[in-house]
Structures are given as C-alpha cells and as structure tokens.
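A.B. asks: predicted coordinates and the sequence they were generated for:
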Amino acid sequence: MGNNGSWFGTLPRVWERQELMDDLSCLPIEEVETALHDLERVNRIFGNWKLLTRHLSLLTRSVSRRRELVLADLGTGGGDLSAVAARWAADSGRTVRVLAMDRSEEILDLAARRLRNVEQACLLRGDATRLPFPDRSIDILFCSQVLHHLPDTAAISVMSEMTRVCRIGWIVSDLRRGRIAHKATQMALRLVSRNRLIRYDGPLSILRSFTLKEYRQMAAAAGAGTATIRKHLFFRAAIIYRHPGDELTPPEGDQDQR
C-alpha cells in the first residue's frame, strides 16, 4: 500500500516487528494486567470511549428504545469498552447484552475482573476472523485496536465476518499511521504510563496500523464498500458500516473523510 516520504506523509506499514503483548506467554500476568489498566486510561483520555458511544448513538437513532440490542465487542482486551457500551445503553434508556469476546483465555480472565459488576456483559472466547455467530445475529459489533495486530488479509476477514453477522452495522476503531502520529504517540505515552508494554507497543501500533485510504480499500474488499471512514483526534480512525436494510443516512457533517 501507498507510501509518502514527506514529514507529513505516511510511513510504510511495519508488520515484521511484533508487539510485546502479542505473546503473553513471555510476560508476567501482573504486568499484563497493569498494561490493560493503563490502556483503559489511554482509551478514556484520548477519546476512544467517546468515539464508540458517538457512533453507537448514530447507528441506533432509528431503533426503538424498547428493543433489546445485542452488541459484540471483538478483541475485548481489558473489557473497558464493553463496560462503556453497557453504560451508554443505560444512559440512553436502552437494554443491551454485550458479548465481550477475545481469543486469549488469560485476557478473558482479566476482563472478567473488570466486568464482574456489569450485568449486561457476557464473556466469550473466539476468533474475530471466524466469528462463532450465525448470519445477521448480532445488532452491532465493534472492535477497537484489533486490526493493526493483523496482516491485511486477516483484517479484511474481520470486516467481512462483521458484515456477515451484523443486523444494524459495525464499528471499527483503530489508529492512523503517519510520521507525526508515531512521534507524538511516543511522547504522549511516556506521560500517561510507566508500563514498558504500553510505552513499547503504543508507538509500534502506529507503525503497524493503516491509513484512511487503506481502511477504505479493506472495507471494500470485505464487502462493506458503503462504510463511512471517519478521522478522529489523536490519530484515530473509525470505520462505520450500516447494513443496507437500515435506510438511515448520516447527517450532514458526518460524511466520509478520505
């Protein structure tokens, strides 16, 4: 995929360098738990919570509040976004069930602690590239900071599976690759976390992430060519897909940003 050599341009995607948290077998579980706690704070400070609730609200504007919604959080990690989705529903006067899914048993054990008081959440082990759900069985699926851990083909598979499974739509939030994003993330994470996993993996996550153009190409390859690509603060991106059966169109000001 494309590369611009200018300071304000993009960098080539770095796939061969592995993030520390990609291999939990080499890490003390206490350090992983601390990293997930810090990542929750990063998600809150840098807008990932607001990104999710904003697009959940937009996707459900035409849905009756009397209808129970089934949500799925793919790659739940520490579970904070499942908790955020449950709180969004309560604040919106909605009833939801949130399936918090991850492929790692160790991560799910940690997420269970975070979600122990969230009655709407149910934990599930599974692979986002091969979702264990029937077609059109989940109202809205969301995944945060998952795609940059995957090769292009697997990232497309995740989008394709979400498209197959959703009834209303899906939300992907991830990072935007770029030179300034990489340097700024290095500096910012040194201010908000002392955890070596966060400090090492965060800037590398930028290098492993995609550009807005690449997200659009992947969505099209996954059969979700109508997805809206949104640029958010702090080098984040949102890809939002609405199932064709839902005729609600985005309001003015929420158009695609390429």
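C.D. replies: Sure thing, it's come through.

A.B. asks: just the CA trace of the longest strand seen in the chain, in CSV.
C.D. replies: For the chain, the longest strand by residue count, based on DSSP state E, is strand 166-175. What follows is strand 166-175, C-alpha atoms only, in CSV (Å, rounded to 0.1, in the frame of the first residue of the first chain):
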residue,chain,number,x,y,z
CYS,A,166,-24.5,-7.7,11.8
ARG,A,167,-28.1,-6.7,11.7
ILE,A,168,-27.7,-3.0,12.1
GLY,A,169,-24.0,-2.4,11.5
TRP,A,170,-20.5,-2.4,12.9
ILE,A,171,-17.8,0.0,14.2
VAL,A,172,-14.1,-0.4,13.9
SER,A,173,-11.8,2.0,15.7
ASP,A,174,-8.1,1.9,15.3
LEU,A,175,-5.0,4.1,14.7
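
A.B. asks: partner strands of it, parallel or antiparallel?
C.D. replies: Applying DSSP bridges, strand 166-175 is found paired with strand 138-144 (parallel), strand 236-242 (antiparallel).

A.B. asks: buried stuff in stretch 219-232?
C.D. replies: Within stretch 219-232, the residues that count as buried by 16 or more other C-beta atoms under 10 Å are 219, 221, 222, 224, 227, 228, 229, 230, 232. (Each C-beta comes from the backbone N, C-alpha and C, glycine too.)

A.B. asks: go on, stretch 83-103?
C.D. replies: In stretch 83-103, counting by 16+ other C-beta under 10 Å, buried: 83-86, 88-89, 94, 96-102.

A.B. asks: quick one: least confident helix or strand in the chain?
C.D. replies: Within the chain, no helix or strand scores below helix 179-192, which has a mean of 84 by mean pLDDT, DSSP states H and E.

A.B. asks: what's the mean pLDDT across the longest helix along the chain?
C.D. replies: Among all segments of the chain classified by DSSP state H, the helix with the greatest residue count is helix 29-45. Average pLDDT, helix 29-45: 91.

A.B. asks: quick check: angle from it to helix 179-192?
C.D. replies: Helix 29-45 runs at 120 degrees relative to helix 179-192, counting by axes from the mean of the first three to the mean of the last three C-alpha atoms, to 10 degrees.

A.B. asks: residue ranges in the stretch 151-258 of the chain under the pLDDT threshold?
C.D. replies: Applying pLDDT under 70 to the stretch 151-258 of the chain picks out residues 246-258.

A.B. asks: again, 80 this time
C.D. replies: 245-258 (pLDDT under 80).

A.B. asks: roughly how far is the longest strand of the chain from the heart of the chain?
C.D. replies: 8 Å (C-alpha atoms, centre = their mean, to the nearest Å).

A.B. asks: perfect, I'm done here.
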